[in-house]
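# coordinates only, sequence not included:
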């Protein structure tokens, strides 16, 4: 079994390399029209350059998984700003795609918690579609949309999970099919647990990104070991390895918050369940220390009997 590991957005081991530099709408409004576009392009170019730097860092450290920042383009979906962020940066997007394809990296996006399809408010659903389209346009400009995913949560329950899920199915029909084809769903730490999310994924033929920390904070009635084969089955249509999110609680009191690092002892019970399944799996680390936490966890897990480190961020369990 091959286990690969990656991290989210910002490589902390690189100096000044955030791919999520921002321009607030308040600041934008204070500018002249000419300066507005100039500033939008300036920040976007910096974020694209930092994404490229991070990819080179990953390649050098043999980190084959990477979640790109959703904030590469400032104010991309703001209704009073929406602008053409593709044309001026075709070469940059193409360069990112070239690196991803050449080095066979697995990249993804994870829009924020406001991108959901459960709201009774029509404008929320319309904004969710706009945000999904924004992420898709970037992947398309990179030429990697067929090999990538855009991951979201189901959303809130609004006091009635069954009725809300019916609304979710209805609202999801507003999403263009080409985007739905590459989306994934993740179990939540408060509302829709693993079992409930799995049922939705099976109904809609959407892969499930399993989050272990969320699962432990929001347990299902069915034991995890019984659900794992079905979770992995949801990835078959995409022809991709299953993906799992890993993080540790910040503390018992702040259980749902992510710690700086990932404690190997916290995730070890999951690996004990995974071993009999003999499945290659990719793991996204969602710790505050990002790349540092990723590399440290790989080092810690490599000490488990039978685990062999076969790359900068890859383990083979014999």
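Nice, I can see it. Source: prediction; values computed, not measured.
# does residue 281 really touch residue 274, like I thought?
Yes - using C-beta atoms under 8 Å, residue 281 is in contact with residue 274, at 6.7 Å. All C-beta spots, glycine's among them, are computed from the backbone N, C-alpha and C.
# common neighbours of these two, please.
Counting by C-beta atoms under 8 Å, 6 or more residues apart in numbering, the common neighbours of residue 281 and residue 274 are residue 1.
# helix, strand or coil for residue 282?
Remark: residue 282 carries the secondary structure label strand [criterion: DSSP: H, G, I helix; E, B strand; the rest coil].
# likewise for the one 10 residues further on?
Counting by three-state DSSP, the backbone at residue 292 sits in helix.
# residue numbering should commence at 15 henceforth.
Taking 15 as the first residue, the last one we looked at is residue 306.
# and it, what is it in contact with?
26-27, 275.
# tell me where the longest strand sits in the chain.
Ranked by residue count under DSSP state E, the longest strand found in the chain is strand 16-22.
# quick check: closest non-adjacent residue to residue 229.
The shortest distance from residue 229 to any non-neighbouring residue, by C-beta to C-beta, 6 or more residues apart in numbering, is to residue 208 (5.0 Å).
# buried set for the longest strand of the chain?
The neighbour-count check on strand 16-22 (16 or more other C-beta atoms under 10 Å) flags 17-22 as buried.
# give me the buried positions along stretch 321-332.
Buried residues in stretch 321-332, counted by 16+ other C-beta under 10 Å: 321, 326-329, 331.
# can you check stretch 62-69 too?
Judged by neighbour count using 16+ other C-beta under 10 Å, the buried positions of stretch 62-69 are 62, 64-69.
# quick check, nearest of these to residue 153?
Within the set of the buried residues of stretch 62-69, residue 65 lies nearest residue 153; the separation is 12.5 Å, counting by C-beta to C-beta.
# tell me the angle the strand or helix carrying the closest one makes with strand 16-22.
In this structure, residue 65 sits in helix 47-74 according to DSSP states H and E. Here the directions of helix 47-74 and strand 16-22 differ by 150 degrees (axes from the mean of the first three to the mean of the last three C-alpha atoms, to 10 degrees).
# tell me how far helix 47-74 is from the chain's mean position?
A distance of 20 Å separates the centroid of the chain from that of helix 47-74, by C-alpha atoms, centre = their mean, to the nearest Å.
# so what's the backbone phi/psi at the residue lying closest to residue 15 once chain neighbours are set aside?
If the residues on either side of it in the chain are set aside, residue 15 comes closest to residue 331, at 4.6 Å by C-beta to C-beta, 6+ apart. With angles defined as degrees, to the nearest 10, residue 331 sits at phi -100, psi 110.
# tell me the spacing between residue 214 and residue 147.
Residue 214 sits 22 Å away from residue 147 when distances are taken as C-beta to C-beta, to the nearest Å.
# same check, this time on residue 116
Using C-beta to C-beta, residue 116 is found at 27 Å from residue 147.
# residues contacting stretch 143-156, please?
82, 84, 86-87, 90-91, 99-100, 103-104, 107-108, 110-111, 114, 123, 125-126, 128-129, 159, 162, 164, 166, 188-190, 192-193, 196-197.
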